[in-house]
Each structure stands twice: as structure tokens, then as C-alpha cells.
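*Asks:* What would the 3D arrangement of this be:
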Amino acid sequence: MNKIFYLSTCDTCKRILKEVQPNESIDLQDIKKLHITAAELDAIHEMVGGSYEDLMNKRARIYKLEGLKEKCLTEDNIKGWILKEYSMLKRPLAIIDGEVFTGNSKVTVADLKAKLSK
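*Replies:* Modelled structure (predicted):
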């Protein structure tokens, strides 16, 4: 699966997509229009080998409004929030040749750009 999950209304996602220039073979999925499925999220979770927390956007407005930082969230809670609220998925999230790139750090974007240029 070669796919990039992004948010079309997010300026950071737009900037990163413009910078990395994914080709036509990469499936772009706007998570606002087509939410990530439980099966997709589970597959990504297995690929990263970490926790759902690694895939959670802790900058999301809902994260702050709901006071999730102060709550003791289980893996199932976090997965539920990501599936319920599209903005809770850390983005952009790219899966290229079985490798997962999550977030917008300079290192992550540079790594994604390098992977896509191969």
C-alpha cells in the first residue's frame, strides 16, 4: 500500500505535499472526506510496532478541549478517538513500500521526500 493520509484544509499538509511531490502511483486520501478505517489504522499500528499514541495528533483542538492530556487513555481509547475524530490522526501520514512516515517534522518530511524520489 502506497498512500498518504492528509487533511485538505491543513496548510501544513498542503505545504508538505507540494514539497514531497508524490507521483500518481501514491493514493492520496483526504481524511476529512474519507475517514481512516479501523482496518487501515490497525495495519498502520502493526507497521509502526508502537502504540496508537504514536499515531495521535496531540495538537488537535479536540485533544485540548476534551482534556485528553490529563486523562489516562488506554490503547483502545486512543484508537477510538482517532477513528471518531479525523483531526486526531497525526498527519500527514504516509505509507510507502511498507515504511510509515508520520507527522510534519523536518526530518520526517526529508525522509519521506528521499523515499519518494527513489
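*Asks:* Where does the residue nearest to N104 when sequence neighbours are not counted fall, secondary structure wise?
*Replies:* Sequence neighbours aside, T12 is the residue nearest to N104 in space, at 5.2 Å (criterion: Cβ to Cβ, 6 or more residues apart in numbering). Bear in mind the C-beta positions are built from the backbone N, C-alpha and C, glycine included. For T12, the enclosing helix or strand under DSSP states H and E is helix 11-20.
*Asks:* who does the very next helix or strand once past that helix touch, helix- and strand-wise?
*Replies:* Note on helix 11-20: by DSSP H and E, the next helix or strand toward the C-terminus is strand 27-30. For strand 27-30, the contact count by 3 or more Cβ pairs under 8 Å, 6 or more residues apart in numbering; DSSP states H and E identifies strand 3-6 as packing neighbours.
*Asks:* for the host helix or strand of I44, what is the average pLDDT?
*Replies:* In this structure, I44 sits in helix 38-48 according to DSSP H and E. Taken as a whole, helix 38-48 carries a mean pLDDT of 95.
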